[in-house]
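*Asks:* Next come a sequence and a model predicted from it.
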Amino acid sequence: MIERQLWHPVADAHTLRDAPLAVRLLGEPLVLWRDHGRVHAWADRCPHRGARLSLGRVLTTVHGPRLECPYHGWQFGGGKEGGRCRHVPAAPEFTPPTGHAAQAFEARELHGLIWVRLQPGADAPLDAPPAFAEADDPAWRRVVCGPYTVATSAPRLVENFLDLSHFGFVHEGWLGERGHAQVQTGLVGEDPTGLSVKGARAWQPRAYAQADDGAWIDYGYTVPHPFAAVLRKDASAGDPVRNAIALFIRPDGDEACTAWFVMATQNDPASVESLVEFQDAVFAQDRPVIESQQPKALPTGRTGPVTEVHGPADRVSSAYRRYLQRLGVSLGTC
């Protein structure tokens, strides 16, 4: 299953502090915890008697931070110890063998989110979380919006994010107008690692939170991951505001997902609160339409149980579906 070899966001980084945090990824219960700021992701199951490690606590010991099981107090070490049990309170002289260990997975903190990969491998198609340089550049302000739980597949949500032609109808008065429904889809580039879109344009009456007037907005996209996309947009008339917005999605099944929007801005006078409110409002307009789509899994092949017709403005969508086919993504597709 290729999805297990991909990096996925599982939580906002700021929600993981001193206590362990329970999350799920691709059906796997995980526990997240910090060791001197470093993030660990383990199976949320003690190898002793199967209790949830997320119900335990993080201990500070002379040997470094350890995660303590809530049931019998077994202590598991992070860092180079890789989840190995280091202390059994009921038998303090016992030296646990290497097999007495929590199952550890790869974890990283990036773009304000925590990312986990369940199955590394030399043949993994994407060996790192998707890039989003602006979000990690101190010259840009970063705002994380979400999480949003959505009753549809991750591919359906990505495709909606890449679609300019719904703006005048779903986001009328915000990101589009019916009288300016025509869009320029731009030039689509495809390679084995992802997609790029250059030269796309759409008319927007309110391109960002504090905008006063409508304008033609230049859009550029990258799709560096099957369940992620990054939008970069600038006002053509020389407006100083610059915005880059990434959609990062955790697939929770064929018909469910959890999404975050990570925004990076320059010269935008809006407060963090108004930026989040704006994104919340825009997504609230998208949600009922996206969740109404049938099937919830994205049709990617011509021989599947459901086919969909395409129009001239669907060039990016068609390229995205081909990308999923090339990678062999099956979760959330049909």
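*Replies:* That came in fine, so what should we check first? Numbers count the residues shown, from 1 in each chain.

*Asks:* Could you give the backbone dihedrals for the most centrally placed residue in the chain?
*Replies:* Closest residue to the average C-alpha location of the chain: Phe248 at 2.3 Å, with CA atoms, centre = their mean. Backbone torsions for Phe248, taken as degrees, to the nearest 10, come to phi -120, psi 130.

*Asks:* Quick check: closest non-adjacent residue to it.
*Replies:* Leaving aside its chain neighbours, Phe248 sits nearest to Pro9 (4.6 Å; criterion: CB to CB, 6 or more residues apart in numbering). Where you see a C-beta, it was placed from the backbone N, CA and C, and this is true even at glycine.

*Asks:* For whichever strand or helix holds the one you found, what does the pLDDT average out to?
*Replies:* Assigned by DSSP states H and E, Pro9 belongs to strand 8-12. Average pLDDT, strand 8-12: 98.

*Asks:* Could you number the chain from 201 rather than 1 from now on?
*Replies:* Understood, numbering begins at 201; the last thing we discussed is strand 208-212.

*Asks:* what separates that strand from the chain centre, distance-wise?
*Replies:* Relative to its chain's centre, strand 208-212 lies at 6 Å (CA atoms, centre = their mean, to the nearest Å).

*Asks:* right, and the helix or strand after that strand?
*Replies:* Past strand 208-212, the next helix or strand by DSSP H and E is strand 221-225.

*Asks:* Other residues contacting that following strand?
*Replies:* Contacts of strand 221-225 from elsewhere in the structure, counted by CB atoms under 8 Å, 6 or more residues apart in numbering, are 208, 210-211, 215, 229-233, 244, 252, 254, 316, 318, 450, 452.

*Asks:* What strands line up against it, and which way round?
*Replies:* Counting by DSSP bridges, the strands paired with strand 221-225 are strand 228-235 (antiparallel).

*Asks:* rewinding a little: pull the most distant pair out of the contacts of strand 221-225.
*Replies:* Distance extremes for the contacts of strand 221-225: the farthest pair is Trp233 and Asp452 at 21.7 Å, using CB to CB.

*Asks:* Quick check on these two: which one has the bigger neighbour count.
*Replies:* Between Trp233 and Asp452, counted using other CB atoms under 10 Å, the more crowded position is Trp233 (26 against 20).

*Asks:* give the contact list for the closest residue to the more buried one other than its chain neighbours.
*Replies:* The shortest distance from Trp233 to any non-neighbouring residue, by CB to CB, 6+ apart, is to Pro220 (4.3 Å). Contact partners of Pro220, counting by CB under 8 Å, 6+ apart, are Val231, Leu232, Trp233, Leu253, Ser254, Leu255, Gly256, Arg257, Val258, Leu267.

*Asks:* wait, what's in contact with the fifth one?
*Replies:* Translated: Ser254. Pro220, Leu221, Ala222, Pro229, Val231, Asp244 are the contacts of Ser254 under CB under 8 Å, 6+ apart.

*Asks:* Look at it and give its secondary structure.
*Replies:* helix (DSSP: H, G, I helix; E, B strand; the rest coil).

*Asks:* quick one: it and Gly511, what's the gap?
*Replies:* Ser254 sits 47 Å away from Gly511, taking CB to CB, to the nearest Å as the criterion.

*Asks:* Could you do the fourth one as well?
*Replies:* To Gly511, Leu253 is 50 Å away according to CB to CB.

*Asks:* Which residue of these two possesses the greater neighbour count?
*Replies:* Leu253 (27 against 8).

*Asks:* Quick check: pLDDT value at the more buried one.
*Replies:* On pLDDT, Leu253 comes in at 98.

*Asks:* For it, which non-adjacent residue is spatially closest?
*Replies:* Val231 (4.5 Å).

*Asks:* Check His510 too.
*Replies:* Leaving out its chain neighbours, the residue that sits closest to His510 by CB to CB, 6+ apart is Ser518, at 5.9 Å.

*Asks:* Show me the strands in the stretch 301-450 of the chain, by range?
*Replies:* Assigned by DSSP state E, counting those that start in this stretch, the stretch 301-450 of the chain shows strands spanning 304-310, 313-317, 341-350, 387-391, 394-404, 415-425, 428-435, 442-453.

*Asks:* now the fifth one, how far from the centre of its chain.
*Replies:* In this view, strand 394-404 has its centroid 21 Å away from the chain centroid, taken as CA atoms, centre = their mean.

*Asks:* before we move on, back to that, which strand residues sit across from the residue nearest to Phe448 in the sheet?
*Replies:* Legend: beta-bridge partners of Pro209 under DSSP bridges are Trp315.

*Asks:* How is the protein partitioned into domains?
*Replies:* 202-317, 333-527 (automatic domain parsing).

*Asks:* Could you give the separation of the lengthiest helix in the chain from the chain centroid?
*Replies:* Looking across the chain with DSSP state H, the single longest helix is helix 472-492. Mean C-alpha position of helix 472-492 versus that of the full chain (CA atoms, centre = their mean) differs by 16 Å.

*Asks:* Send me that helix as CSV with only the CA atoms.
*Replies:* C-alpha atoms of helix 472-492 as CSV (Å, rounded to 0.1, in the frame of the first residue of the first chain):
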residue,chain,number,x,y,z
VAL,A,472,-4.0,36.3,12.6
GLU,A,473,-7.6,36.0,13.9
SER,A,474,-9.1,37.6,10.8
LEU,A,475,-7.0,35.4,8.5
VAL,A,476,-8.3,32.3,10.3
GLU,A,477,-11.9,33.6,10.2
PHE,A,478,-11.5,34.3,6.4
GLN,A,479,-10.2,30.7,5.8
ASP,A,480,-12.9,29.2,8.0
ALA,A,481,-15.6,31.2,6.1
VAL,A,482,-14.3,30.1,2.7
PHE,A,483,-14.0,26.5,3.7
ALA,A,484,-17.5,26.6,5.2
GLN,A,485,-18.7,27.5,1.7
ASP,A,486,-16.8,24.6,0.1
ARG,A,487,-17.8,21.9,2.7
PRO,A,488,-21.4,21.2,1.8
VAL,A,489,-20.7,21.0,-1.9
ILE,A,490,-17.7,18.8,-1.5
GLU,A,491,-19.4,16.5,0.9
SER,A,492,-22.3,16.2,-1.6
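
*Asks:* Many thanks, have a good one.
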